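Novice: no FASTA, just this:
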């Protein structure tokens, strides 16, 4: 019998609105609350992510963050 999941760690986190909506949708579809869903995703990250797409998607995200930071710099 699987042991119940204990959520023992808490941390302040910021998420984009789109990311939070997607987390809530995943949690609802899987029958978990948001904390359980996030914990599941990180505990199973290697098996749920597409390793070949990750570097490309991460690079795109970093570029978007850099453009946003440059836009926010007065000058």
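Specialist: In hand now; what should we look at? This one's a predicted model, so the numbers in the text were calculated from it and none came from an experiment. Residues are numbered from 1 along each chain as shown.
Novice: so where's this structure shaky on pLDDT?
Specialist: 1-4, 75 (pLDDT under 70).
Novice: okay, helices next: where are they in it?
Specialist: 17-30, 34-43, 45-48, 54-72 (DSSP state H).
Novice: nearest to residue 9, out of those?
Specialist: helix 34-43 (8.7 Å; Cβ to Cβ). All C-beta atoms are positioned from the backbone trio N, CA, C, and that covers glycine.
Novice: what is that closest one packed up against?
Specialist: The helices and strands touching helix 34-43, judged by 3 or more Cβ pairs under 8 Å, 6 or more residues apart in numbering; DSSP states H and E, are helix 17-30.
Novice: ok, residues contacting the helix it packs on?
Specialist: Here helix 17-30 makes contact (Cβ atoms under 8 Å, 6 or more residues apart in numbering) with 15, 33, 34, 36, 37, 38, 40, 41.
Novice: burial check on the second one, number of neighbours?
Specialist: In this case it means residue 33. By the criterion of other Cβ atoms under 10 Å, residue 33 has 13 neighbours.
Novice: okay, it and residue 45: tell me how far apart.
Specialist: 19 Å (Cβ to Cβ, to the nearest Å).
Novice: in stretch 14-30, what counts as buried?
Specialist: By neighbour count with 16 or more other Cβ atoms under 10 Å, stretch 14-30 contains the buried residues 23, 27.
Novice: how distant is that stretch from the center of its chain?
Specialist: Counting by Cα atoms, centre = their mean, to the nearest Å, stretch 14-30 is centred 8 Å from the centre of its parent chain.
Novice: before we move on, the earlier item: closest one to residue 7 among the helices of the chain?
Specialist: helix 34-43 (5.2 Å).
Novice: so that closest one versus helix 17-30, what angle?
Specialist: Using axes from the mean of the first three to the mean of the last three Cα atoms, to 10 degrees, the inter-axis angle of helix 34-43 relative to helix 17-30 is 90 degrees.
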